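[1] Test case, fold it:
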Amino acid sequence: MSLEIIDFTAAWCGPCRMQKPIIEELEVKYKDKVKFSVVDVDENQDLARQYSVHAIPTIAVLLDGKLVSSFVGLTSKEKLETEIGKYL
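    Predicted coordinates for the structure are as follows:
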């Protein structure tokens, strides 16, 4: 079973800058269990479209390559940990 978290972001996005340290903290905590990726929507518009990203930040949660949930807007560490816990 493979769990991946994708953080869809942009350099100009204030809430995205607030999301970044939360994602980085989770990445350290779950480094051996979860793959973390950061995707700049300005540089990767096709990928953002593929995951139906219409607002940022958006956090996509993938299990074995399939989207199982997503969060739009600044998302708390606790909420993301709860979601990760469902799949570990």
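[2] Name the single longest helix found in the chain.
    With residue count as the measure and DSSP state H as the assignment, the chain has helix 14-29 as its longest helix.
[3] List the buried residues for it?
    Counting neighbours by 16 or more other CB atoms under 10 Å, one finds that the buried residues in helix 14-29 are 16, 19, 22-23, 26-27. Where C-beta positions appear, they are placed from N, C-alpha and C, glycine not excepted.
[4] Equivalent analysis for stretch 36-53, please.
    By 16+ other CB under 10 Å, the buried positions in stretch 36-53 come out as 36, 38-41, 47-48, 51, 53.
[5] List of residues touching that stretch?
    Judged by CB atoms under 8 Å, 6 or more residues apart in numbering, the contacts made with stretch 36-53 from elsewhere in the structure are 4-11, 20, 23, 26-27, 30, 56, 58, 60, 67, 70.
[6] Now do the end-to-end distance for that stretch.
    Here the two ends of stretch 36-53 are set 17 Å apart, with distance taken as CA to CA, to the nearest Å.
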